[in-house]
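Visitor: here is my input; please provide its structure:
(one chain, ligands or ions: 1)
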Amino acid sequence: MKKTFREKVLFSFTKTAKKHKWLKAPLMLLMTVLLAVYYAGLKIAANGKRYSCALLVFLFMMVSSSFSTTESLTGQGVAPTEDGAQLAAEQEVDTAEVAVIEADEDVLESMDDVELLSEEEIDTYTLEEILENNSTYREMVESAPADTAVDVENTETDFSAYEFDPEDWRLILVNKQHSIPEDYEFPLGNITSSLQCDERILEDLLAMMQAAKDDGVDLIICSPYRDYNRQTYLFKKKITRYMNAGMSYMDAYKTASVTVTAPNASEHQIGLAIDFYSSSYMRLDEGFENTEAGKWLAAHSYEYGFILRYPEGKEYITGIIYEPWHFRYVGVEAATVITERGITLEEFWEDL
Ligand SMILES: [Zn+2]
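Guide: Residues are numbered from 1 along each chain as shown. Predicted coordinates for the structure are as follows:
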């Protein structure tokens, strides 16, 4: 009669165990393991299809999850590197900047203008410099009535019942969730030969600077308009910098998008945002709010159609940290409503 595998194992076990008594315990263990493996193998063989399906599904999930990350990155037009991940593991990331950013990462708030803080060749212009070489603007400012600003005491400038048009170019919402429409066009106007913004906001911008000057406050404009290429350049430059510090491409991309507004998500790209300096404070940081210029803008910019776009305490709505220097043109009506109600452009759009 043919012996089964189990019987064969049992037979040889008893034979050896009888010969060498001291081998009994280890042999018992060996036999148990052997039989367990054998029967497990039999079971897998009998259900081969089922197990290989499960294995395939598992492999598919692993592969697709790693691909989806790579795709979203390459979609931005920057080639990822293969050895990036290894670099990150091997080298120590050791810049103060990276540390600060990573600490903030869970909030995912960017600074729209962070790149201007450190490295850039920043163009700045005072009202005098703007008017110096441009007779049209000089006439524009000089011919304007003494006070073109909105008088909030005046009931005629109560815009609470104003009918806003969502198609109004002045109200366009641009942020991380609402990128600039591909077909968006606007007339580019020159503030100076190297300084540009949407032409349609020039008159109010100059009127505001003149009014500030009349109040003894000097406003200095810096780098208001950045085109797509410039925004992309700044973004890629950040990625390179983080990678040089030892980050993988993926980590560098993630960190860069926290600090620099990704291309097509910045108001600077559509010429409606202006960053201001003051001669006494040539830095773009929170300290600007305590300067005469910062205080004047916070109090009066809406009278000329500008809003403080990223207010303090609203970071969770705008996704951008408090920027007391960054002003966005929305027109006098919307600016008045937004300022009086103490809301953001995002919240204004909710009711539109
Ligand atoms: Zn800005």
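Visitor: before we move on, what SS does Asp183 have?
Guide: On the three-state scheme (DSSP: H, G, I helix; E, B strand; the rest coil), Asp183 is labelled coil.
Visitor: quick one: contacts for it?
Guide: With contact set as CB atoms under 8 Å, 6 or more residues apart in numbering, Asp183 has no partners. All C-beta spots, glycine's among them, are computed from the backbone N, C-alpha and C.
Visitor: how many other residues sit next to Ile191?
Guide: 24 (other CB atoms under 10 Å).
Visitor: tell me the secondary structure at it.
Guide: Reduced to three states with three-state DSSP, the structure at Ile191 is strand.
Visitor: now swap in Leu284 and tell me
Guide: coil.
Visitor: distance of it from Pro181?
Guide: With distances taken as CB to CB, to the nearest Å, Leu284 is found 28 Å from Pro181.
Visitor: the two - which one has more neighbours?
Guide: Remark: of Leu284 and Pro181, Leu284 carries more neighbours, 24 against 11, as counted by other CB under 10 Å.
Visitor: so where is the stretch 101-250 of the chain shaky, pLDDT-wise?
Guide: 101-122, 145-156, 223-224 (pLDDT under 70).
Visitor: change it to 90
Guide: Scanning the stretch 101-250 of the chain for pLDDT under 90 picks out 101-126, 128-161, 176, 190-196, 222-238.
Visitor: what ranges does it have for its helices?
Guide: Using DSSP state H, counting those that start in this stretch, the helices of the stretch 101-250 of the chain run over 114-118, 127-132, 135-143, 202-214, 228-244, 249-259.
Visitor: could you dump those helices into TSV with distance to Ser12 and mean neighbour count added?
Guide: Formatted as TSV, the helices of the stretch 101-250 of the chain follow (distance: least, CB to CB, whole Å; neighbours: other CB atoms under 10 Å):
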stretch	distance to Ser12	mean neighbour count
helix 114-118	75	17
helix 127-132	100	17
helix 135-143	104	13
helix 202-214	96	20
helix 228-244	62	17
helix 249-259	57	21
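Visitor: nearest to Thr291, out of these?
Guide: Closest to Thr291 of the helices of the stretch 101-250 of the chain is helix 202-214 (CB to CB; 11.7 Å).
Visitor: what about that closest one, distance to the chain center?
Guide: When distances are taken as CA atoms, centre = their mean, to the nearest Å, helix 202-214 is centred 31 Å away from the chain's centroid.
Visitor: next, the angle helix 135-143 makes with that helix.
Guide: 60 degrees (axes from the mean of the first three to the mean of the last three CA atoms, to 10 degrees).
Visitor: pull the residues that contact helix 202-214.
Guide: Contacts of helix 202-214 (CB under 8 Å, 6+ apart): 127, 130-131, 137, 140-141, 144, 147-149, 189, 191, 197, 218-219, 221, 274, 293, 296-297, 300-301, 303-306, 329, 332.
Visitor: need the helices of the stretch 101-250 of the chain in CSV (columns: distance to Leu34).
Guide: CSV is the format used below for these (distance: least, CB to CB, whole Å):
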stretch, distance to Leu34
helix 114-118, 65
helix 127-132, 90
helix 135-143, 94
helix 202-214, 86
helix 228-244, 53
helix 249-259, 47
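Visitor: mind checking which of those is nearest the ion?
Guide: With respect to the ion, and counting by CB to the ion, the nearest of the helices of the stretch 101-250 of the chain is helix 114-118 at 7.6 Å.
Visitor: what subset of the contacts of helix 202-214 is buried?
Guide: 127, 130-131, 137, 140-141, 149, 189, 191, 197, 218-219, 221, 274, 293, 296-297, 300-301, 303-306, 329, 332 (16 or more other CB atoms under 10 Å).
Visitor: these two touch, right, Arg200 and Ile270?
Guide: No - when contacts are counted by CB atoms under 8 Å, Arg200 is not listed as touching Ile270 (11.2 Å).
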